[in-house]
Each structure stands twice: as structure tokens, then as C-alpha cells.
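Trainee: Quick one: sequence and predicted model below, then my questions.
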Amino acid sequence: MTILTGGQPGAPAADPIFLEVFWTRVRSVVNEAAKLIVRTSFSTLSTEANDFAVVVTDSAGRALAENSGSIPSFIGTLPRTVRTAIERFGTDTMRPGDIFITNNPWIGTGHLNDVSLVKPLFHRDTLVGFAATAAHVPDIGGKIRSVDARELFEEGFHIPLMRLLADGRADETLLSLIRTNVRTPEQTVGDIWSQVGAVELIAARLAGILDEYGLPGIDDLAQALFERSESAMRQAIRTLPEGEYRYEMETDGFDERFRYAVAVRIADGAIECDFTGTSPQQPRGINCVLAYTSAMTVYAIKCLLLPDLPNNHGLFLPIRAVAPEGSILNPRSPAPVGGRACTGHYVPTVIFGALSQVLPGKVMAGVGSPLWIANLSGTREDGRPFATVLFYNGGMGATAGKDGASVMSWPSNISATPVEVAEREAPLLFRCKALRPGSGGTGAQRGGLGEEIRFVSTHHQPLSIVFLTERLKVAAPGLHGGGDGAVGEVLINGAAINSRLPHVLQPGDEVTLRTPGGGGYGAMADRDAAQAAHDRQQAYIAAP
């Protein structure tokens, strides 16, 4: 990557080579902290699913570096969490041994299941920045996560922004409350301590880097990086024709379908995505807070314009998301938000639809997402409660030059749960995990395939299961003449069910999940004959 030149001669921030070396080293530290989380977490949500992120900010809470495998939504929300901690507590009250914690959806990542930590970073008694993490814990109490909740208070234990550690001493009362209110006390608290280890590692490593280079802090270097990155993003935006580009689509909804509308306005090196016209806030756990909407907006634009430049605050400055308060993309507290991914994951798709008018060769057809989730809970033979989260993915949409990837998470970047891990963590026996022939939309480039999963409850007593699913009614749309992907299906013992509602599995009951396929791109008549023959040979298309 090349950093644009600029700055005052003689200062480290003015040297693009030093700036690149310094930034690379900070990113390396953040990636090391991410590896620590993977290796020390108690649950599979971080060790297998990658449902976490690590960020370093400057002293003002502006994102400097992130781990390379970060969840896109967390990248955009974590700096806001840091800035809220600064506003609430003030930097003058912060000490080297402090670590702040919250799972407030409007301060954190958008739902209670993600716990965020913020640690002030000090160098020679001066606050120089912050380390922050967010991770999905296996259980946070309340109802098992679903879209069926009617208000936030049903969705779990709410941790206001507060100190988890004060001057190095843990708040044992808070930890006791968490253990008492969740089904997985060892795993949930263990995962939180794993995050503590990550931010402590960053504090030690960053202090070492500053000592090595004789630097008093990181703010000057961060500001230089932000300016260069902002300039690069504005230059990329200026390559697009100015104007307003609109797109609308529908999704499954509940009794009625939800409407998504966006007006993408490009002017003077900036982009505004206005979601006015999107469906109103719902009395169900499917609302998506504005911070999450904004994060997905930035992610979509960056994918199209500067995919190779690592994320930082400067890239985000020319991009703005607007959504009416009281809509499903900007709900008022205490709206239920547990299934916010079922809404927020559509944001990049609707933006791609608008920008297909000016970037037809770059945008992707509709994706077989949002991510599918199966939440299971029950009681072990020894009487202890347990909860497990399983992730599954549909097919990605095709682009102008490539077939869509099969069974791939987008935009969430979360790995599907391996069969071996699922059977280890839950009383389940898997009978099938295979690609769905014919589920990808047809076209010059074929949409990615979904998958079929079948598993049986081997539990000695009834097992609760709650699904988060989408695209059971409205397929992932094709683009520029491409066909739509196949819709998904959820069955119990061979019968279709309403996956919006909780269900109970009796011993021996079989669950079948068929995830949606991605949309195709271009007319089928234009598909390369060799590719079509390969599809038939590999059974990627359904038998006639």
C-alpha cells in the first residue's frame, strides 16, 4: 500500500515511509491481540465463528488500526463506544488500570449479545489512545436471541457503560450479576476476561513501540494517516459522476414485507446515503441502530472504491448515513434489536443496487444473506443450563467477472459452525451438510450456492431452538439480467415452520435448513459454454 505524501518536513508524521512502518506495526499488535482472543476464549463464537473485533484509536477515539479479520459492523461501532466513554467519564478521570464495559445497543454494536470493552492507553503517565474490543458472548440472559422479542428488556442483561476494572481491580459485583443472569456463566465471563487480556496486551505492546521510536504519543501520526486516507477516499469518490441514485427493494418482513429505500447522493468528493422511505421501527427484535447502519454503509462504499486500504477514521469521513429516527434502520430506545443483523445486513445490498447505475462492473448481485443463526438452549443431564449458537451462510451474488462464492458470509465475515464443533457443543447428530444444487441465480455469471444442513436432536429431553433467518419469501435479486437466487427453507421433521417463532425439539426431531442462493449477473445466454458444462459436471445446477 502507498501512503500519500504531505505534512511538515522533519516530523515523523511527514515521512510516508515511517508512517507506513509505524502503522503496520500497530496493526500487527492488533492482530496479535485478536489471536489472543481466538486462543483464550471459552466459547466457539470467537474461536470458530470469528464474531469479534479489536481496534486501536487515538486519544480522541478515532480508529487507527483494526485486526484484519474484523467484523465490518464492529469496525464502525467500536470507535463510537470509545468516544462515548470519553464523553461520559472524561479523560482526566481515567487511570492506566481502568477498563470500561458495556453492551448497550446504542453505545455498542447494536444488540445486547455483544460485549464491548474500552481500555485507555497510557505512555509515561499520559493518555495516548484506547484499545477496544467487541465480542459476541454465548448467552446474555433474557429470552434466547430471536426476532420475536417485543422490547429490549426481554433480550437479556443490560450492562450500562461502566468500569469493569478500576485501577486494576475488577468489579466483582458486576461479574457476579453477569454470572447469575446468564445460562453460560463460565463461558460468558471467560470470554470477557479473554477480551481483557487482548486490551492489556495492546497496552504493553504499544508502550514498547513508543519507547523504541522515542515518541510521546500517536496522535500526530494518526492525524497524518487520517488526512492521507480521507484524501484517498475523496479522490476515489470524485471518479464517480455526481448526482442522486435511488434504489428500493422488499424483504421478508413479518405479516407485511419490509421496504428498504436509499438515495445515494454524490457531490464534491463525499457520499451521503439517505434511507428515508425505509419501513418504520417494528415491535419485534429486528430493528437496527443507526451506528450499525452507518457501519454497514461505510463498509459498502469502501468495498467498491478502496477495498485494499486498511480501515481507519480518515476513510469514513467523506461517507454519511442518514435514516429517519423511528425507522428500522434508526430505532428509538428501548426498541428490541436482538436480530438486528436480519435488517442491517441488507444495507450494503441496497447501496449496491443504487450504485449499479454508475459502477455496473463492480457491484455484486443480491446476496443470500443475512447470516442464518440457530440458537439452542436446554438443560444438561447434571441440571446445568446451556446455550449454543450455530451459524450458517447462503451464496454470494455474482459480479460482472466472477461467479458468486458458495456458502460464504457477507457482509458479516462470520464463519459457519463446523459439524464437529456443533456436535461437541450441543446434543446434535448431523446427517447432512451439502451444497444446494440450483440455488444460485442463473446468468452470465452464476450466483453462489446455498447449503442444506440436517441435524437430529439427541438430547434426553426437549430442546429449545430459535432461528434467525431471512430470504424465505423474497429471493436475492439478480443484476443486469441475471436470475434470482433460490429462497431458503426451514423444516422440522419434513414440515415447513414459521422460523420467526421459537420452537421445541423433542428427542429425535430432525431440523432441515436450506440457505438461500445468491443472485446471478447478466443474461444466461451469455454464459461461457465451458462454465456451463462445469456447472453440470459438478451438479451446481439442478437436474432437469
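Mentor: Done, it's in. Note that the structure is a prediction, hence the values are computed from the model and not measured. Numbers count the residues shown, from 1 in each chain.

Trainee: In a helix, residue 339, correct?
Mentor: No: read with DSSP: H, G, I helix; E, B strand; the rest coil, residue 339 is coil and lies in no helix.

Trainee: Check the contact between it and residue 143; I expect there is one.
Mentor: No: using CB atoms under 8 Å, residue 339 is not in contact with residue 143; the gap is 11.4 Å. The way it works is simple: take the backbone N, C-alpha and C, and place the C-beta from them, glycine included.

Trainee: which stretches of the stretch 151-300 of the chain form helices?
Mentor: Along the stretch 151-300 of the chain, counting by DSSP state H, counting those that start in this stretch, helices occupy 172-181, 185-213, 219-238, 290-305.

Trainee: Tell me which of these sits nearest to residue 270.
Mentor: helix 219-238 (6.5 Å; CB to CB).

Trainee: and that closest one, what does it pack onto?
Mentor: helix 16-40, strand 52-58, strand 126-136, strand 270-274, helix 290-305, helix 313-316 (3 or more CB pairs under 8 Å, 6 or more residues apart in numbering; DSSP states H and E).

Trainee: and with 10 Å instead?
Mentor: Counting contacts by 3 or more CB pairs under 10 Å, 6 or more residues apart in numbering; DSSP states H and E, helix 219-238 packs against helix 16-40, strand 52-58, strand 63-66, strand 126-136, strand 258-267, strand 270-274, helix 290-305, helix 313-316.

Trainee: With mean neighbour count added, can I get these in JSON lines?
Mentor: Output for these, formatted as JSON lines (neighbours: other CB atoms under 10 Å):
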{"stretch": "helix 16-40", "mean neighbour count": "18"}
{"stretch": "strand 52-58", "mean neighbour count": "29"}
{"stretch": "strand 63-66", "mean neighbour count": "27"}
{"stretch": "strand 126-136", "mean neighbour count": "25"}
{"stretch": "strand 258-267", "mean neighbour count": "19"}
{"stretch": "strand 270-274", "mean neighbour count": "20"}
{"stretch": "helix 290-305", "mean neighbour count": "25"}
{"stretch": "helix 313-316", "mean neighbour count": "23"}
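
Trainee: Tell me which of the ones you listed approaches residue 239 most closely.
Mentor: helix 290-305 (8.1 Å).

Trainee: If you count contacts, what does that closest one end up packed against?
Mentor: By 3+ CB pairs under 10 Å, 6+ apart, helix 290-305 packs against helix 72-89, helix 219-238, strand 258-267, strand 270-274, helix 313-316, strand 319-322, helix 341-344, helix 347-355.

Trainee: Go again with 6 Å.
Mentor: Judged by 3 or more CB pairs under 6 Å, 6 or more residues apart in numbering; DSSP states H and E, helix 290-305 is in contact with helix 72-89, strand 319-322, helix 347-355.

Trainee: Please identify the deepest-packed of those.
Mentor: Among the helices and strands packed on helix 290-305, helix 347-355 has the highest mean neighbour count (mean count of other CB atoms under 10 Å), at a mean of 25.

Trainee: tell me which element residue 414 is part of?
Mentor: Here residue 414, judged by DSSP states H and E, is contained in no helix and no strand.

Trainee: Now for it: which residues touch it?
Mentor: 49, 50, 51, 371, 391 (CB atoms under 6 Å, 6 or more residues apart in numbering).

Trainee: Just name the closest of these to residue 76, please.
Mentor: Nearest member of those to residue 76, counting by CB to CB, is residue 51, at 15.4 Å.

Trainee: Now mean pLDDT and distance to residue 69 too, for the helices of the stretch 151-300 of the chain, in JSON lines please.
Mentor: JSON lines is the format used below for the helices of the stretch 151-300 of the chain (pLDDT from 0 to 100; distance: least, CB to CB, whole Å):
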{"stretch": "helix 172-181", "mean pLDDT": "98", "distance to residue 69": "26"}
{"stretch": "helix 185-213", "mean pLDDT": "97", "distance to residue 69": "13"}
{"stretch": "helix 219-238", "mean pLDDT": "97", "distance to residue 69": "20"}
{"stretch": "helix 290-305", "mean pLDDT": "96", "distance to residue 69": "14"}
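
Trainee: right, so of these, which gets closest to residue 354?
Mentor: Relative to residue 354, the nearest member of these by CB to CB is helix 290-305, separated by 9.8 Å.

Trainee: okay, the closest one in CSV with CA atoms only?
Mentor: Output in CSV follows, covering the C-alpha atoms of helix 290-305 (Å, rounded to 0.1, in the frame of the first residue of the first chain):
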residue,chain,number,x,y,z
LEU,A,290,-28.0,3.9,13.4
ALA,A,291,-24.4,3.1,14.4
TYR,A,292,-24.8,-0.4,12.8
THR,A,293,-26.5,1.1,9.8
SER,A,294,-23.7,3.7,9.4
ALA,A,295,-21.0,0.9,9.8
MET,A,296,-22.6,-1.1,7.0
THR,A,297,-22.9,2.0,4.8
VAL,A,298,-19.2,2.8,5.2
TYR,A,299,-18.3,-0.9,4.5
ALA,A,300,-20.3,-1.0,1.3
ILE,A,301,-18.7,2.2,-0.1
LYS,A,302,-15.2,1.1,0.9
CYS,A,303,-15.7,-2.3,-0.8
LEU,A,304,-16.5,-0.6,-4.0
LEU,A,305,-13.9,2.2,-4.0
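
Trainee: Just give the number of residues close to the nearest residue to residue 170 once chain neighbours are set aside.
Mentor: Ranked by CB to CB, 6 or more residues apart in numbering and with sequence neighbours excluded, the top spatial neighbour of residue 170 is residue 164, at 6.6 Å. Counted with other CB atoms under 10 Å, the neighbours of residue 164 add up to 23.

Trainee: now do the one 5 residues further on
Mentor: Residues lying near residue 169 (other CB under 10 Å) number 10.

Trainee: What residues are bridge-paired with it?
Mentor: According to DSSP bridges, the partner residues bridging residue 169 are residue 166.

Trainee: where's it relative to residue 229, distance?
Mentor: Look at residue 169 and residue 229: by CB to CB, to the nearest Å, they are 38 Å apart.

Trainee: cool, residue 73 as well?
Mentor: 20 Å.

Trainee: quick one: the nearest residue to residue 330 once chain neighbours are set aside from residue 471, how far?
Mentor: Leaving aside its chain neighbours, residue 330 sits nearest to residue 323 (3.9 Å; criterion: CB to CB, 6+ apart). Going from residue 323 to residue 471 by CB to CB gives 22 Å.

Trainee: With neighbour numbers in mind, choose between the two.
Mentor: residue 471 (27 against 24).

Trainee: just to revisit the earlier point, and the two most separated of the contacts of residue 414?
Mentor: Farthest apart among the contacts of residue 414 - using CB to CB - are 50 and 371, which lie 11.7 Å from each other.
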